[in-house]
Structures are given as C-alpha cells and as structure tokens.
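# coordinates only, sequence not included:
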C-alpha cells in the first residue's frame, strides 16, 4: 500500500513537472515574441526617422546652395560703384531724397541744380539695372535711403509714384531693414504672404558710401523680396517612386494669420496650410513623431532646419503605412513564435514520455530494492532492540503500545503480547508508573523530548531487589509523520538502581567528610561552633522562598558547612584575637579563603562549591575579598550566603564584640545595603517575619556564649 501511495505521488510530481515545463516553454516563447515585436517596432520607427531625417537634411542643403547663389548675386549688386555713388550723391544733397524728387518744400542752391539733374538722369539707368537683376526667385528690388525713403524700385509692384516716398512695407521687412542698418550686415525677415498669395521673405543688404570704409554707417539699403517657390521645389524634389512626401516649413507665424501657428507649404495643394501641431524646437528642428496633416490624415514626420533662413524642410510618410509594416512584423513574429513554441512543446512532451518511461522502470526497481532493504532493516532493528538490556516501548498518539521489546516486558513482569494495543497505564499502575503516563502525555502535547527518573515496584523476580523497587531513567522522544505532526512517543527505560545506590554511598561519605571538616573548624575557633550549620540552615530557608532547585540547595548546604575551612591553616590565636588587627594580620586572616580553595582542589563535589566559598566574602560594591568582585560578577549562591553568613555572625558573640539582637543585625544590613544584594536581604526579611524565622532566630540566640581561653594564659 505504501508503495502504491509512493507511486501515485511520483506520478503526480512528474505530471506537475511536465505542466510546469510546458508553461515555462510557452512563457519563454511569449517573452521572446514580446521582445522581438518591441525590437522590430523600434527598428522600423528608427529606420523611418533616419531616412526622413537624411532626406530632409539633403534637401535643406540644396536650399542653402540656392539661397547662397541668390545672396551672392544681391551682395555683388550692392557693391556696385554706380549704386554707391548714387546713394552718396543723394546723401550729399541738401534735403536728401526730397531734393532729388523735387519736393516743393525743399529749396536747393542754384549751384546744386546741376548735381540734382545729373542724379535724376541716373534714375532710369538704375531702374533698368535693378530690373535686369530680377528673376523668378527675386520678385522685387528696392533701393532705400537710411530713413527708409524709396529711391528706385523694380519689380512686379514697381511704381514711379512710390519713389521719393517712405517705404511701405510689412513690419517684418522693416525690422530686417533696421537690423541691417544697425548691424551693418545682411538680415533676412520671417516669411510672409504677399498680396498675390505667395510665400515670400525679405533680404536687407546695407550699401556703403563710395568713399566709406566697410565699418562705417551704411549710406543706403538694397531690399530684395524673394519668392519661396524655388525653395518649395527644391524641398519637394522627386527621389524615386516610393520617396516620402516633402514640404517647406515656415519657422515663424504668418503675419496675416498669427493664430494659425506655423505654416506648411504642401506641394500637391500648392498653397499655404496652417498646421499648429507642426512646430519646430528652439533649434529649428521638428523631432520625429506622428502628427495630423490635413483632413484627418496622420503622418510620421520630421524636419531639418535650413541654415541662415527661417525655413525647415519637412519629410513625412503616411502613418498607416508605417503601422501596417509594424503589424506585418508583429504577425510574422507571432506566427513563428506559435510554430516554434508548439514544436518545443511537442519535443518536450516526447522527451518527457521517454524519460518518464525510463524513470518508472527505475522507480519500480528502486521500490523493490527499497522494500527488501526496509524488511532487512526492520529485522535488524528488531534483533538489536531485543538484544538491548534497556526497555524500549513505542506508543501512538492515544498512548497505546505499538511495540515493546522483551526487556520492557521483563521490567513490568508481563509478556510482550499482553502489552500490545493496550495503554501503558494498564501495565504500569501496578508498578508505580502513574507519573510515566503523565510524562508521555507531556511529550505529545509539547512535542519535545524529556528525560526523567522514576522508581518502579513490582512482584516480578527481576525487580525483587531493594524491597521490590528499582530506579529507572526514562527518556521519551516524539516522532512525527510526513506533515510534521507528532504521532507518537518512543521511550527507553534504563535500570539505574546500581548507579543510584553508588551515588548515595558517595554522598554519605561526602557528608561524613564535610561533617568532620566542620567539626575541625569549631575546634580552632569555638566562637564558630554551630555557625556553619546555622548559616547553611538559614541559606536553605531563603532558597526555599526563592524556589531554587535541589542542585543549588545542595551547593548552598555544602558551601556553608565548609565556608570556614581555611581557618584551619591560620595561626591559632589570630582568629580569637580580642584587640584590633594590624594590616598584616587582616591580610593573613583574609587569606583563609585562598587556603580553603587550595584544600578543596582535590575534592569533586560535582557542584560549584569551591567557587561559591571563594566568592561569599565578595561584596556588591567591590569592597570584599579576595578578588574585589562586584555586582553580577559574583555568583547568586555566594551573594545569598554573604547575607546569611553576616546575619548569623552578628547574632553570635565574637572574641572582639558582643552578640547583636535581630533588629540590630537587620539595621546593620540595611546600613550596608551597597555591599549586599537587596533581593536576598528582602528574602531574609520575609523569612524572619514568619513563624519559622522567629523560631530560627530564637534557637540561634539561645546558644550560650563561649569564653575562649588561650592555653598558657590566665
């Protein structure tokens, strides 16, 4: 039955292992697919961003080249001597441009008329010169004085009537002109919409006087209005059939539509469309992202700043195309993940089937071998337990005996078959085993092993010694099932009667020795007669109030009896000297502790007797001897004996003082509270306040005082 149970558990574990393994394979496949999908999506978006950025930068470079040519042409025009001389001549006139164009409010000197006439004759030639510089990109050229008065204008809006009057331009162009005058360098205005609906920008070029240095204030300005059609064409230059779409991004708000955000020129609509979401950062670049285009269409787009111009080239592809590529990649990954995961699961199942088959065969052989080994071990253990001289018994949780060897049967005087399936009390009550029943129940309840000694009596022949009673040491220990629950107790009963008898004989001899040594002490100092006995008796009473165990009580009794043992080695008259001791005599008297320790070195009490005797003259404040110990460094037994010894000594006379009564002795202990353990002083008070304590005090005080006469003295 146990084999079948083990086989079922093994089968369950193998199936659980297979399920766990398959789960791990599927989880690994899902994790790998998730990572591949994320990696593929990032790769597609990064590739799209890189391609768009590269194209935008390439087309921005083309626009820079175009603008560089236009700027070079205009700069060369601004450096022509004819323009410099004309501007300088106008500046030299009294009244400036107003005098040139015959303003009625300006009067010229007679000798200046020839100079004005000469400048006026240059106007048609200058107009023709500027007109010759017009191109599809350059929509208009205007020659201005520093006060923004029009001198010559050529272009689509050219009108002689505007010449001689202040420049009528948009604020952006005027700002660029003022900046060019201030900085003495070329300035470009933000893009704007011309009256014809075209996107244009203004270039302001300073013109130096003919005789002026480059760093001097400009004598005039050349204002060029550029159409952005060429820039749009360069930005949207074809780059293959499947190339992304392109546009020109204006990096400043439109003057006539400031609430529309930044504008985008779309090639296919050939118009300006405001797209607020298409905003460049501070550097003029627009990061890669998905944005709305127009009519709800969404695209992935990026832009590159055109250096020196408030423009950027935008490249975009439909969002749907990129997302479709991502979906296709995801579907491919999922398909392959499913195929590979199913293949891995099938391979895992096949391997498991092969391994389980082999494992089942091996497990069957192992179980058979295990059964044989268990049978052999059972027989081996049975033979050993039967050969034991100690009794062995196994009980279940109900206390019924499941197994007992023949030695246990001999202890109880019963046959082993009669004990089986019976509670132990039925067999032990007649042998004084009531406590045995209680202790095995303690083992079941607490789940901890215990060892105890019991005296059993029986009419069995083997138990007939010592009036039919023998002492047994019983060691009981719980045993557990596979769930860790206590299911029974196994107990070993060992006959220790001979050991107990030997210990009693040894104890009797020990006490005879202690008694002899105590008597010898009283011969040396008659004032100590009965002192050790009284100290030991008082210490035992105090230990009872403290619930100390038998071992500590025995230590107190022996230590009290031998506490004055060292007095035997002191000079005979030192202990009974009536006068004040010298320092040398006091040191010699205190050496009795060391003498006692040396005399007890060869005696084995099995208890810390020598240590307690050595420390009982130590004090809590460190004022004692021989080592000056203090506090918890002193054993508790020694601290208790210090209180008992002092109290008994105070109630008996000494050669150098009279006896104290009980109240005086207690007051002395209270006065010296720093030297004694307060807990044991309180214990002494508690004992003396009772009837037994009063009887002890009366007995101690009733012993007659002794007068000690030193031989050879009167």
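That came in fine, so what should we check first? Not measured: the values here are computed from a predicted model.
# isn't residue 91 up against residue 149?
No: using Cβ atoms under 8 Å, residue 91 is not in contact with residue 149; the gap is 11.1 Å. Bear in mind the C-beta positions are built from the backbone N, C-alpha and C, glycine included.
# those two: which is more packed in?
Each of residue 91 and residue 149 has its neighbours counted (other Cβ atoms under 10 Å); residue 149 has more, 20 against 14.
# just give the nearest non-adjacent residue to that one, would you?
Nearest non-adjacent residue to residue 149, counting by Cβ to Cβ, 6 or more residues apart in numbering: residue 97, 4.3 Å away.
# same check, this time on residue 49
Closest residue to residue 49 apart from its sequence neighbours, by Cβ to Cβ, 6+ apart: residue 288 at 3.9 Å.
# can you pull the buried residues of the helix or strand where that neighbour lies?
Per DSSP states H and E: residue 288 is located in strand 286-292. Neighbour counts over strand 286-292 (16 or more other Cβ atoms under 10 Å) mark 286, 288, 291 as buried.
# look up how far residue 560 lies from residue 504.
Taking Cβ to Cβ, to the nearest Å as the measure, residue 504 falls 22 Å from residue 560.
# so which of the two has more stuff around it?
Using other Cβ under 10 Å as the criterion, residue 504 and residue 560 rank with residue 560 on top: 31 against 10.
# wait, that one sits on residue 536?
Yes: between residue 560 and residue 536 there is a contact under Cβ under 8 Å: 3.3 Å.
# is it true that residue 394 touches residue 400?
No: counting by Cβ under 8 Å, residue 394 sits too far from residue 400 to count as a contact (9.9 Å).
# show me which residues of stretch 334-350 are buried.
Within stretch 334-350, the residues scored as buried using 16+ other Cβ under 10 Å are 337, 341, 344, 345.
# tell me how many other residues crowd the residue nearest to residue 149.
So residue 97, with other Cβ under 10 Å, has 23 neighbours.
# likewise for residue 561?
Residue 561 has 21 neighbouring residues, counting by other Cβ under 10 Å.
# what lines up beside the lengthiest strand in the chain in the sheet?
In the chain, taking DSSP state E as the definition, the longest strand is strand 469-480. According to DSSP bridges, strand 469-480 has the following sheet partners: strand 450-457 (antiparallel), strand 486-495 (antiparallel).
# and residue 666, which of these is closest to it?
Closest to residue 666 of the strands paired with strand 469-480 is strand 450-457 (Cβ to Cβ; 41.3 Å).
# what sits up against the host helix or strand of residue 114?
Element membership for residue 114 (DSSP H and E) is helix 113-132. Helix 113-132 is contacted by residues 77, 80, 82-83, 86, 89-90, 92-93, 99-100, 108, 141, 143, 151-155, 158, 163 when judged by Cβ atoms under 8 Å, 6 or more residues apart in numbering.
# follow-up on the earlier one: separation between the residue nearest to residue 49 and residue 246?
Here residue 288 is placed at a distance of 15 Å from residue 246 (Cβ to Cβ).
# for the helix or strand that contains residue 699, name the packing helices and strands.
For residue 699, the host element (DSSP H and E) is helix 691-702. Counting contacts by 3 or more Cβ pairs under 8 Å, 6 or more residues apart in numbering; DSSP states H and E, helix 691-702 is packed against helix 531-545, helix 678-688.
# out of these, nearest to residue 569?
Among the helices and strands packed on helix 691-702, helix 531-545 comes nearest to residue 569, with 16.6 Å by Cβ to Cβ.
# flag every buried residue along that closest one.
Across helix 531-545, burial judged by 16+ other Cβ under 10 Å covers 531-543.
# from those residues, pick the one nearest residue 634.
Nearest to residue 634 among the buried residues of helix 531-545: residue 539, at 15.0 Å, using Cβ to Cβ.
# so that closest one sits against residue 558, correct?
No: using Cβ under 8 Å, residue 539 makes no contact with residue 558, being 10.7 Å away.
# pLDDT of stretch 537-546, averaged?
Here stretch 537-546 scores 92 as its mean pLDDT.
# got a list of contacts for it?
By Cβ under 8 Å, 6+ apart, the surrounding residues in contact with stretch 537-546 are 552-553, 556-557, 560, 640-641, 643-644, 647-648, 680, 683-684, 686-687, 692-693, 696.
# mind running it again at 7 Å?
Stretch 537-546 has contacts (Cβ atoms under 7 Å, 6 or more residues apart in numbering) with 552-553, 556-557, 560, 640-641, 644, 647-648, 680, 683-684, 686-687, 692, 696.
# so for residue 355, which of the strands paired with strand 469-480 sits nearest?
Smallest distance to residue 355 across these (Cβ to Cβ): 35.4 Å, for strand 486-495.
# pull out the buried residues from the closest one.
Buried residues in strand 486-495 (16+ other Cβ under 10 Å): 486, 488, 489, 490, 491, 492, 493, 494, 495.
# ok now stretch 343-358, how far from the chain's centre?
Relative to the chain's own centre, stretch 343-358 is displaced by 41 Å; criterion: Cα atoms, centre = their mean, to the nearest Å.
# got it, and stretch 469-486?
44 Å.
# tell me the average confidence for that stretch?
For stretch 469-486, the mean per-residue pLDDT is 79.
# so after the host helix or strand of residue 13, what's the next helix or strand?
Element membership of residue 13 [criterion: DSSP H and E] is helix 2-78. Per DSSP H and E, helix 2-78 leads on to helix 81-92 as the next helix or strand towards the C-terminus.
# helices of the stretch 301-450 of the chain, start to end?
319-387, 406-412, 416-419, 424-428, 434-446 (DSSP state H, counting those that start in this stretch).
# pick out the shakiest of the ones you listed, pLDDT-wise.
Lowest mean pLDDT within the helices of the stretch 301-450 of the chain: helix 424-428, a mean of 53.
# picking up where we left off before, a markdown table for the buried residues of helix 531-545, including distance to residue 580?
Below are the buried residues of helix 531-545 laid out as a markdown table (distance: Cβ to Cβ, whole Å):
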| residue | distance to residue 580 |
| --- | --- |
| 531 | 22 |
| 532 | 26 |
| 533 | 29 |
| 534 | 27 |
| 535 | 25 |
| 536 | 30 |
| 537 | 32 |
| 538 | 29 |
| 539 | 30 |
| 540 | 35 |
| 541 | 35 |
| 542 | 33 |
| 543 | 36 |
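# which segments of this structure make up each domain?
What automatic domain parsing lists as the domains of the chain is 2-59+323-373, 70-223, 232-320, 388-495, 501-702.
# ok, which of those domains comes nearest residue 380?
The closest of the domains of the chain to residue 380 is domain 2-59+323-373. By Cβ to Cβ, the value is 10.0 Å.
# measure how far that closest one is from the centre of its chain, please.
32 Å.
# tell me who's in contact with residue 347.
No contacts exist for residue 347 under Cβ under 7 Å, 6+ apart.
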